[in-house]
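Engineer: give me the fold of what follows.
(chains A and B)
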Protein chains: 2
Amino acid sequence: MIVETLAVGTELLLGQIANTNAKDIAIRLAESGFTHINQAVVGDNADRMGAAIRLAVSRADALIITGGIGPTADDITRSAVAGVAGVPLIYDETHEHVLRKRWNWMRPDKPFPESNLRQAYRPEESHVVVNAKGSAPGFRILIEGCWVFSLPGVPGEMLAMVDELVLPFLREQAGGGRAVVSRVLRSWGMSEAKVGEELQDLFDVGKNPTVAFLASSGEIKIRLTALADTQEEARALIAPVESEVRSRIGNVIFGADDDTIERVIRTELEKRGWMIGTAESATGGLVGRRLTSLPGASATFRGSIVAYASDLKLGILGVPPETIASHGVVSEETAEAMARGARSVLGVDVAVAVTGSAGPEPLEQPVGTMIVAVATPSVATVRTLHMPGDREQVRAHTATAALHLVRRAILES
Amino acid sequence: MIVETLAVGTELLLGQIANTNAKDIAIRLAESGFTHINQAVVGDNADRMGAAIRLAVSRADALIITGGIGPTADDITRSAVAGVAGVPLIYDETHEHVLRKRWNWMRPDKPFPESNLRQAYRPEESHVVVNAKGSAPGFRILIEGCWVFSLPGVPGEMLAMVDELVLPFLREQAGGGRAVVSRVLRSWGMSEAKVGEELQDLFDVGKNPTVAFLASSGEIKIRLTALADTQEEARALIAPVESEVRSRIGNVIFGADDDTIERVIRTELEKRGWMIGTAESATGGLVGRRLTSLPGASATFRGSIVAYASDLKLGILGVPPETIASHGVVSEETAEAMARGARSVLGVDVAVAVTGSAGPEPLEQPVGTMIVAVATPSVATVRTLHMPGDREQVRAHTATAALHLVRRAILES
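Structural biologist: From the prediction side, this is the model:
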């Protein structure tokens, strides 16, 4: 099934924001096995939006439009889609009721702005795609054999709708009305080639479930997709193959579906009643920033020491001066001492330390040499990594690697 | 002048990376006053690339293509452009020489891979756009009145070519062969409406230079664009208007053209021989990460303490227990004590501290209440901010605000 995406918004064309919606939808389309061949961005302009929709309808099986369905006059996606479909806009009184109820619940003290009622219009013959997290409802309509979805541009609202309504619908369409269920196993620490080798006999065409894999941001994702009469039957087909995959490469699988490494670490820490902290040099605080990206981070995260200057490694973290003198700042010995020091000074059960040479000028070691140490109540592990790319890539990939090494150290403790 | 962008790369359609090239080009087009009406992304597929190029050529004055000009078989932008132009590819022996020389200079120990010679082909009648930072040359060709540029996808190489070659060329085209010079003044801390009010009489249509402004990521940029016979004359037209703008709102202008706040802070610190550090709670290390994003950060940055847990604010940063007891963690008093503590424990001249309620659950104060304190050798300033948006937006905007408050505090010291 061929799927295109179209983002609507002048702010994208002015460069005020990057089109991360397209990236986030693209990941999901790839995970679901859909072919994604074109992405487009247009401003809040009826003619250009109409042209972009017509073009996509002419060559794709589905089009996902994000943005342009808010309550203001420049939100014109509804009428642009209706124009291409050749149908009028209809007023949905049920949705007017939903809008008023939602407003009264969220802002009982303020009068309902009548302009919000723009959101109660949608093209005739379209079906509502419910927005559980916001006021702008989406819709879907079939135009010349292409399913056109109109979703809000707000990432959190849009992605929830894609995950819960759009992809299941498209999978069902792709399966000829039968149930299509996908499960994604997420791995880190084994090369794409090695994963392919280990699972080779599972990739044969025509199997049910199919097994495919894709690499993104240092992770390898293994997708199992089953087709059956019901969701339950499809899931039952997936279960034994998932077991087989896990029996072969289970040591590198850290989660499934929307598990992120940050979430997995938090769960493992919570199970043990443990707290975590970081001691960072070359990553400048990035590992701590990722550990605090989830709401409620304070339940398992206490703090970070970013010791960029060497004497702070001695002073605050208590790295012995002779360690740095004999091994250097970018050394496994210093990284381990930083992790042990951070456990004590931050009062945490698990500490992760990063030192390294992020570039562009080398520091003691070649650029890209990054060292990660993890100390837990029972083990201390340390790994030297060689990261390709520029300064920002080296820092980002090292932070990802550090989080995965934290997970492993916790499991080994 | 209407400009479109087209990014080529299957990795974009798989969601492995976001299309930040489009964003970075879009900012520059907006700053130069060009109209940017469509962005597109296609995979490494000749037919779809050809269709996308034809479409852009039919409606734009210029098209900037990024990606697909490397040395491998799936790099097919050259032939796709030649196909649309209806011209053959020619082999450029001068460029073969450049490629071999560059290789021998960078990797004298390895033999030159003959496959690299793919990069010596370009469409007949095209002109080379020199890539000073990499091996893949770009080119430009006029197709049916539309200037088509083919540039590499590597951001650093591509943006240098856009800044130094593509935009000056397009400005000259737009000016009918006369020199067009733009200067962008960057401001922070005054609303868009207020900037507009202060500069209103300068915006009149038909003036030379023209004055325009645009908001992005919390900054307001004021663009002055002059048209003259020579670059020098154009610059001479801009100078008095820049002085006038600075005399009206100079207190909020922190830089010009490609000055970023990180760079400006580093320059101000270097002038004084000062070092900086951070003490962060709700931002989780983000301010430190931004201060270390520039190469050579260790010249002015010593470290950060991320004290997420309250007792670390007491322990490591030395915030007096009675301050937290009587005012709370999210208070101006605690922020100021964190900044003073960080100055001492990190051994820095300037410390910036952030505490706040980033959400989604409120912490003492409503979500979005963020407090920034800056301590220098002579002053301590503190500001309470009310940031809209979700957790990540609150954190990102607060980090930006904190950096601007650092700059002001340094200038006031």
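
Engineer: given the helix or strand of chain A with the lowest mean pLDDT, what are its sheet partners and their directions?
Structural biologist: Within chain A, no helix or strand scores below strand A:210-216, which has a mean of 80 by mean pLDDT, DSSP states H and E. Strand A:210-216 has its sheet partners listed here by DSSP bridges as strand A:219-228 (antiparallel).

Engineer: what does the partner strand contact?
Structural biologist: For strand A:219-228, contacts defined as C-beta atoms under 8 Å, 6 or more residues apart in numbering or on different chains pick out A:31-33, A:175, A:178-188, A:190, A:192, A:195, A:199, A:208-215, A:234-238, A:241-242, A:245, A:253. Yep, even glycine has a C-beta here, placed from its N, CA and C like the rest.

Engineer: same check on stretch A:230-250?
Structural biologist: A:179-181, A:183, A:185, A:187, A:190, A:195, A:198-199, A:202, A:208-209, A:211, A:222, A:224, A:226-228, A:253.

Engineer: in it, what's buried?
Structural biologist: If you call a residue buried by 16 or more other C-beta atoms under 10 Å in any protein chain shown, then stretch A:230-250 has these buried ones: A:234-235, A:237-238, A:241-242, A:245, A:249.

Engineer: check stretch A:213-231 too.
Structural biologist: Of the residues in stretch A:213-231, those buried (16+ other C-beta under 10 Å) are A:213-214, A:216, A:219-228.

Engineer: how far does that stretch stretch from start to finish?
Structural biologist: End-to-end distance of stretch A:213-231: 22 Å, with C-alpha to C-alpha, to the nearest Å as the criterion.

Engineer: do the longest helix along chain A and chain B meet?
Structural biologist: The longest helix of chain A (DSSP state H) is helix A:391-412. Yes: counting by C-beta under 8 Å from any C-beta of the partner chain, chain B is contacted by helix A:391-412 at A:391-392.

Engineer: what about residue A:166, distance to chain B?
Structural biologist: Using C-beta to the nearest C-beta, to the nearest Å, one gets 15 Å for the distance from residue A:166 to chain B.

Engineer: how close does that residue sit to residue A:184?
Structural biologist: 17 Å (C-beta to C-beta, to the nearest Å).

Engineer: those two: which is more packed in?
Structural biologist: residue A:166 (25 against 21; other C-beta atoms under 10 Å in any protein chain shown).

Engineer: apart from its chain neighbours, what residue comes closest to that one?
Structural biologist: The spatially closest residue to residue A:166, leaving aside those adjacent along the chain, is residue A:149, at 5.5 Å (C-beta to C-beta, 6 or more residues apart in numbering or on different chains).

Engineer: so which of the buried residues of stretch A:213-231 sits lowest on pLDDT?
Structural biologist: Ranked by pLDDT, the buried residues of stretch A:213-231 bottom out at residue A:216, which scores 70.

Engineer: in helices, which of the buried residues of stretch A:230-250 appear?
Structural biologist: A:234-235, A:237-238, A:241-242, A:245, A:249.

Engineer: dump these into CSV; add pLDDT and distance to residue A:103 as well.
Structural biologist: Converted to CSV, those look like this (pLDDT from 0 to 100; distance: C-beta to C-beta, whole Å):
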residue, pLDDT, distance to residue A:103
A:234, 92, 40
A:235, 95, 39
A:237, 96, 45
A:238, 96, 42
A:241, 96, 48
A:242, 97, 44
A:245, 96, 48
A:249, 95, 51
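
Engineer: quick one: which of those residues is nearest residue B:265?
Structural biologist: residue A:249 (46.5 Å; C-beta to C-beta).
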